[in-house]
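Asker: Sharing a model that was predicted from the sequence below.
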Amino acid sequence: MNKNNYHTHTTRCFHAIGKDEEYVKAAIQANIKELGFSDHTPWHYDSSFKASMRMPECQLDDYIESIRYLKEKYKDQISILIGLECEYFERYMPWLEKMLEDKKIDYIILGNHYYQTDELHQYFGSPVNEYYLKAYVDHCIQAIDTGLYSYIAHPDLVYYDPDSKLYQEEMSRLCAYAKEKDMPLEFNLLGFMSGRHYPNESFWKIASKYKNKAIIGFDAHSPDALLKDDIYQQAFNYLSSLDVELIDTIKTLKNKDNALTKKLSRI
Ligand SMILES: [Zn+2]
Ligand SMILES: [Zn+2]
């Protein structure tokens, strides 16, 4: 099993630190074989809304150029992919699909942070009611159905009583669907390391019951996060004790069977 990481941010999202190159150097030092950058995607809003937790659209080309440069510079030491962490905002998905194609993005992961769009709605990671819990799972399922996302980042982000019957039912619905569609679930090291409400044991017991595929994601918001090998090992040991299938690589947009690649192959 290789130590790879596909969940890496940059300063462009306003809440990460360190130069892009410092992430690459830290990854090499940590013996990571493949490093995927997946900063919080921009969205092309209908309104004049400016998100404070994601890359502005005007930074996207700089992000891509910077990673492409590092990919070439360090190609003998590490494999680097250009990705994005994206929500599932139904109304903006046509824009996203076109952007992924135009910019030749390698992969995206689902960071299901907001209901419908962050112009209007609350963060799923703060306490939510029953309606939002169900909507969270619905969004995940709709995202899986697009065939675009390589995995679900912090699938247990939604903040709801993990011991409740409804949580158990809804997360079972999510895990069963992810299993059926062969969609890996991320064990999020940022949450694990900082004692957030995710990853949570109730969720991972359900994932174990459904024998989901699991992948470890650092969710690095600073280069030194990649160097925390003890945290990685703890997560690895925990997941090994569960009945999940731990994987270390992802399917990229090039080798995924989705509408986008079908379109590309016709050209
Ligand atoms: Zn972030
Ligand atoms: Zn993230």
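Answerer: That came in fine, so what should we check first? Residues are numbered from 1 along each chain as shown. Ligands and ions are numbered 1, 2, ... in the order given.

Asker: Check residue 160 and give its pLDDT.
Answerer: Note on residue 160: pLDDT of 98.

Asker: isn't it right up against residue 169?
Answerer: No: assessed by Cβ atoms under 8 Å, residue 160 is found out of contact with residue 169, at 11.1 Å. The C-beta positions use only the backbone N, C-alpha and C, and glycine is treated the same way.

Asker: okay, those two: which has more neighbours?
Answerer: Taking neighbours as other Cβ atoms under 10 Å, residue 160 and residue 169 compare with residue 160 leading, 21 against 14.

Asker: Enumerate every residue touching that one.
Answerer: By Cβ atoms under 8 Å, 6 or more residues apart in numbering, the contact list for residue 160 reads 127, 128, 130, 133, 166, 167, 170.

Asker: for residue 78, same thing?
Answerer: Neighbouring residues of residue 78 by Cβ under 8 Å, 6+ apart: 24, 27, 28, 32, 33, 34, 35.

Asker: Pick out the residue in the stretch 1-150 of the chain sitting closest to ligand 2.
Answerer: residue 85 (4.7 Å; Cβ to the ion).

Asker: Up against ligand 2, what does the stretch 151-267 of the chain have?
Answerer: residue 219 (Cβ under 5 Å from the ion).

Asker: just the strands in the stretch 151-267 of the chain please.
Answerer: Using DSSP state E, counting those that start in this stretch, the strands of the stretch 151-267 of the chain run over residues 185-188, 213-217, 245-246.

Asker: And the ones you listed: which comes nearest residue 61?
Answerer: Proximity to residue 61, assessed across these by Cβ to Cβ, is greatest for strand 213-217 (25.3 Å).

Asker: Indicate each strand paired with the closest one and its parallel or antiparallel sense.
Answerer: In the sheet, strand 213-217 lines up against strand 185-188 (parallel), strand 245-246 (parallel) (DSSP bridges).

Asker: Quick check: mean pLDDT of the last one?
Answerer: Averaged across strand 245-246, the pLDDT comes to 98.

Asker: same question, stretch 11-26
Answerer: The predicted model assigns stretch 11-26 a mean pLDDT of 98.

Asker: Just give me how far it sits from the chain centre.
Answerer: Centroid separation between stretch 11-26 and its chain, computed with Cα atoms, centre = their mean, to the nearest Å, is 17 Å.

Asker: try stretch 129-143
Answerer: Taking Cα atoms, centre = their mean, one finds stretch 129-143 lying 17 Å from the centre of the chain it belongs to.

Asker: Rounded mean pLDDT for that stretch, please.
Answerer: 97.

Asker: same deal with stretch 224-238?
Answerer: 98.

Asker: give the contact list for residue 86.
Answerer: Residue 86 neighbours (Cβ under 8 Å, 6+ apart): 41, 96, 108, 109, 110, 111, 149.

Asker: Phi and psi next, for the residue of the stretch 1-150 of the chain closest to ligand 2.
Answerer: In terms of degrees, to the nearest 10, the main-chain angles of residue 85 are phi -100, psi 120.

Asker: OK, contacts around it?
Answerer: 7, 9, 38, 39, 40, 41, 108, 109, 110, 111, 153.

Asker: again, only this time at 6 Å
Answerer: With contact taken as Cβ atoms under 6 Å, 6 or more residues apart in numbering, residue 85 is in contact with 38, 40, 109, 111.

Asker: Just give the nearest non-adjacent residue to the second one, would you?
Answerer: In this case it means residue 40. Of all residues not flanking residue 40 in the chain, residue 54 sits nearest, at 3.8 Å (Cβ to Cβ, 6 or more residues apart in numbering).

Asker: repeat for the last one
Answerer: Counting by Cβ to Cβ, 6+ apart, residue 111 lies nearest to residue 85, which is 4.1 Å off, once chain neighbours are set aside.

Asker: any idea how far residue 201 is from the one you found?
Answerer: According to Cβ to Cβ, to the nearest Å, residue 85 and residue 201 sit 24 Å apart.

Asker: which regions of the stretch 151-267 of the chain lie under the pLDDT threshold?
Answerer: Counting by pLDDT under 70, the stretch 151-267 of the chain has low-confidence residues at 257-267.
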